[in-house]
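Trainee: sequence below, structure please.
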Amino acid sequence: MASNVTERDAREVAEAARETEWTLPSFGKELFLGNFRLDLIHPQPKVDPAQVEKGERFLENLRTFLVEHVDPLEIEREAKLPEHVIQGLKDLGALGMKVPEEYGGLGLSQVHYNRALALASTRHAALATLLSAHQSIGLGEPLRLFGSEEQKREWLPKLCKTHISAFLLTEPDVGSDPARLSTEAKPTDDGYVLNGRKLWATNGAIADVVVVMAQVPKGEGHRGGISAFILPYDSDGVTVEHRNQFMGLRGIENSVTRLENVFVPKENLIGKEGQGLKIALTTLNTGRLALPAICVGAGKWATKVAREFATERVQWGQPIGKHDAVAQKIAFIAASAFGLEAMVDVASRLADEKKNDIRIEAAIAKLYGSEMGWKIVDDLIQIRGGRGYETAASLKARGEKPVPVEQALRDMRINRIFEGSTEIMHLLIAREAVDQHLQVAGDILDPETDLKAKAASARQAAAFYSKWLPSLVVGEGQRPGSFSDFGSLAPHLRFVERSSRKLARTTFMAMGRYQAGLEKKQAVLGRIVDIGAELFAIASAVVYANTIKNEHPERGEQAFELADLFAKHARRRVSELFAAVFANDDDASYKAAQKVLEGRYTWLEEGVADPSGDGPAIAGQPESVPDAPAAGANGDEPVAAAAAG
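Mentor: Numbers count the residues shown, from 1 in each chain. The predicted structure is shown next:
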């Protein structure tokens, strides 16, 4: 239905789905503009004591269930979550953690929901994936945010106790570019008829009800566009064709689902026609916090495993943790685990308080968490050496503790891909980071804008930049005594403030240098975003350490030590990223890549026996796609693939 989509078409669809208004303040947005608004994240909002009591009680019950009833080796061996485990999660109320109590849920805070996902993931990642797909992006969250009261009353109680949900957007030819969506919802007198094929639906092989995205054709009485529907999975015409299998997450129920003349009553439309992508992206504003929460669990577990092994394992006359090469990795793991936990805690408390727009913070947490989580687990493998590469089942069979490090690496790898690949997240965050610039100078950069509009935009831009640019020259970060309330961590906040202004100046220079071509400089945009992510992480670590000092004085000194080390690591990365924004080999690498694609170096491929055989790389892929946008890897969930422009 929508296979021949131009780059401009794709961008317009993504732009239409964006939240264009900033009605609430945003720490992340201000950070990219060179305005370090520490007051937006410090002091951290206090969690309601009643919520804390309820959340801690649930976490303790969940921990007991995981230890007593979940065998991670069985899940790996069978590549399936046992029925009694799924039923146990239902009985605990784990399917309704985020649903308000009035609809039958537990009504947990975002803070405790994320802690529950982190806990479940450490027993087996497939558990957290099932719970997250069901609640963070499944039917419950779209209904909670956009559903009618009738829809909530009917479905939310079921989702809390009996019904597993899934999200159906991705198609064989549609990943992070939803403009190509081909599943159709044809209007009838009393509803819609759905036809299409959906790929990579997590929970899709065992779901009871799903939210499905489909194109409604424009017509009389129908505005059309991508729309969201509630679809009971036992409806006629719904067929699970295949249960997908992956290198990790072996227990997840991920499907290829075919929809053939499936009738959906009009009462099952969520929101309005054409609002599907907006619903999906709004859902992800907080839903994305689930994935970095899982990465936090991995980081905390990796710290424990590294400590235990590096203390016990002796080589060259001393525990390996005493050797500098290993000690550096242990320090990185522990500091990074603290930094990730800080970032997720800061963003989660902001989400609970509902006084800030956290779309940038949640997106950064997803991007940063998945990248750092991967590095943490990779270093853990190196620390454990051959035992890191060996499976837990093999370790157990020869009498050693079955530490599933190689499994953790396999499970962690997908996090850099689904819910928006790293490449797509860079573009999404970059688009938000330069939003203010596009508002005041976008017409100047757009080659299709007429001269009159460009002139008006130039006047507007001159007025804005004449005030904004001078504000980037000096700030609190240059005053030695600033942020003194944070004691030994104050220098790190001064660094963040200075670097925030430098980042804003760098972004402005990049726009000036590349102008409309900046949207094609995805590596440059990626570095700009990564700098912002590191600065947010440093600020979060300092603020979180201060919160720990106040809430748990007995841990304050240790928290300050970890925050200090994490900030030192991050500051080194920031310096490297700044240096590479303009001094890089991006152009040479891009040219070389195009030559590879043209077949110039096919002789380099000689001497291999490709095990793949013949067949299409993508089933059903059109022979040619005009003006195909340069996107990243396909994500498992919806992401606007808009570049900065």
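
Trainee: look up how far residue 543 lies from the one residue sitting closest to the centre of the chain.
Mentor: Central residue of the chain (C-alpha atoms, centre = their mean): residue 366, 3.1 Å from the mean position. Computed as C-beta to C-beta, to the nearest Å, the residue 366 to residue 543 distance reads 20 Å. For the C-beta atoms, the positions are set from N, CA and C on the backbone; glycine is no exception.

Trainee: also residue 372?
Mentor: The value you get for residue 372 to residue 543, if C-beta to C-beta is used, is 18 Å.

Trainee: ditto for residue 263
Mentor: Counting by C-beta to C-beta - residue 263 and residue 543 are separated by 52 Å.

Trainee: pick out whichever of those two has more residues nearby.
Mentor: residue 543 (23 against 15; other C-beta atoms under 10 Å).

Trainee: list the contacts of the more buried one.
Mentor: 38, 41, 42, 43, 44, 342, 346 (C-beta atoms under 8 Å, 6 or more residues apart in numbering).

Trainee: one more time with 7 Å, if that's ok
Mentor: 41, 42, 44, 346 (C-beta atoms under 7 Å, 6 or more residues apart in numbering).

Trainee: what do you get for residue 80?
Mentor: Here residue 80 is in contact with residue 251 (C-beta under 7 Å, 6+ apart).

Trainee: ok so it is a helix residue?
Mentor: No. Secondary structure of residue 80 (DSSP: H, G, I helix; E, B strand; the rest coil): coil, not part of a helix.

Trainee: what about it, distance to residue 570?
Mentor: 40 Å.

Trainee: could you check the pLDDT of the residue sitting furthest away from the middle of the chain?
Mentor: No residue in the chain sits farther from the centre than residue 317, which is 43.6 Å out by C-alpha atoms, centre = their mean. Note for residue 317: predicted pLDDT of 96.

Trainee: again, but for residue 473
Mentor: The predicted local confidence for residue 473 is 94.

Trainee: how about low-confidence regions in the protein?
Mentor: 1-17, 620-645 (pLDDT under 70).

Trainee: before we move on, back to that, would you mind checking the contacts of residue 543 for buried ones?
Mentor: 41, 42, 44, 346 (16 or more other C-beta atoms under 10 Å).

Trainee: and those, which two are furthest apart?
Mentor: 42 and 346 (8.9 Å; C-beta to C-beta).

Trainee: can you give me the strands in the chain?
Mentor: 165-168, 184-187, 191-202, 209-216, 225-232, 238-244, 254-265, 269-270, 314-315, 318-319 (DSSP state E).

Trainee: ok, and which of these has the densest surroundings?
Mentor: strand 165-168 (a mean of 29; mean count of other C-beta atoms under 10 Å).

Trainee: neighbouring contacts of that strand?
Mentor: 133-134, 137-140, 159, 198, 201-204, 207, 209-213, 257, 637.

Trainee: one more: stretch 25-38?
Mentor: For stretch 25-38, with C-beta under 7 Å, 6+ apart as the criterion, the contacting residues are 22, 40-41, 356-357, 360-361, 364, 432-433, 436, 471-472, 493, 496-497, 500-501, 503-504, 507, 532, 535-536, 539.

Trainee: which of those residues are buried?
Mentor: 40-41, 356-357, 360-361, 364, 432-433, 436, 472, 493, 496-497, 500-501, 503-504, 507, 532, 535-536, 539.

Trainee: restricted to helices, list these.
Mentor: 360-361, 364, 432-433, 436, 493, 496-497, 500-501, 503-504, 507, 532, 535-536, 539 (DSSP state H).

Trainee: returning to what we had before: of all the strands of the chain, which one is nearest residue 518?
Mentor: Among the strands of the chain, strand 225-232 comes nearest to residue 518, with 27.5 Å by C-beta to C-beta.

Trainee: could you give the angle of that closest one to strand 191-202?
Mentor: 80 degrees (axes from the mean of the first three to the mean of the last three C-alpha atoms, to 10 degrees).

Trainee: what angle sits between strand 225-232 and strand 238-244?
Mentor: 90 degrees.

Trainee: contacting residues around strand 225-232?
Mentor: Under C-beta under 7 Å, 6+ apart, the answer for strand 225-232 is 139, 142, 151, 155, 178, 181, 185, 192, 209-216, 262, 264, 268-271, 273-277, 279.

Trainee: and with 8 Å instead?
Mentor: Contacts of strand 225-232 (C-beta under 8 Å, 6+ apart): 13, 139, 142-143, 146, 151, 155, 168, 178, 181, 185, 192, 194, 208-216, 218, 238, 262, 264, 268-277, 279-280.

Trainee: show me what contacts the residue lying closest to residue 355 once chain neighbours are set aside?
Mentor: Spatial nearest neighbour of residue 355, excluding adjacent residues (C-beta to C-beta, 6 or more residues apart in numbering): residue 24 at 6.6 Å. Shown in contact with residue 24 (C-beta under 8 Å, 6+ apart): 355, 356, 357.

Trainee: hmm, back to that, export the contacts of residue 543 to a markdown table and tack on distance to residue 61?
Mentor: What follows is these, written out as a markdown table (distance: C-beta to C-beta, whole Å):
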| residue | distance to residue 61 |
| --- | --- |
| 41 | 31 |
| 42 | 33 |
| 44 | 26 |
| 346 | 27 |
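
Trainee: returning to what we had before: mind putting the strands of the chain into CSV with distance to residue 605?
Mentor: Shown next, in CSV, are the strands of the chain (distance: least, C-beta to C-beta, whole Å):
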stretch, distance to residue 605
strand 165-168, 37
strand 184-187, 40
strand 191-202, 29
strand 209-216, 38
strand 225-232, 40
strand 238-244, 28
strand 254-265, 31
strand 269-270, 48
strand 314-315, 41
strand 318-319, 46
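
Trainee: coming back round to it: which one of the buried ones among the contacts of residue 543 is nearest residue 403?
Mentor: residue 346 (30.8 Å).

Trainee: please report how far that closest one lies from residue 276.
Mentor: From residue 346 to residue 276 the distance is 31 Å (C-beta to C-beta).

Trainee: one more: residue 613?
Mentor: 37 Å.

Trainee: higher neighbour count, the two?
Mentor: Neighbour count, other C-beta under 10 Å: between residue 613 and residue 276, residue 276 has more, with 30 against 5.

Trainee: so what's that one up against?
Mentor: Residue 276 touches 213, 214, 225, 226, 227, 228, 270, counting by C-beta under 8 Å, 6+ apart.

Trainee: repeat that for 10 Å
Mentor: 17, 142, 169, 178, 181, 185, 211-216, 225-229, 269-270, 638 (C-beta atoms under 10 Å, 6 or more residues apart in numbering).

Trainee: again with residue 483
Mentor: Residue 483 neighbours (C-beta under 10 Å, 6+ apart): 36, 38, 42, 476-477, 489-494, 496-497, 542.

Trainee: apply 8 Å and report the result again.
Mentor: 38, 476, 490, 493, 494.

Trainee: kind regards, and thank you for your time.
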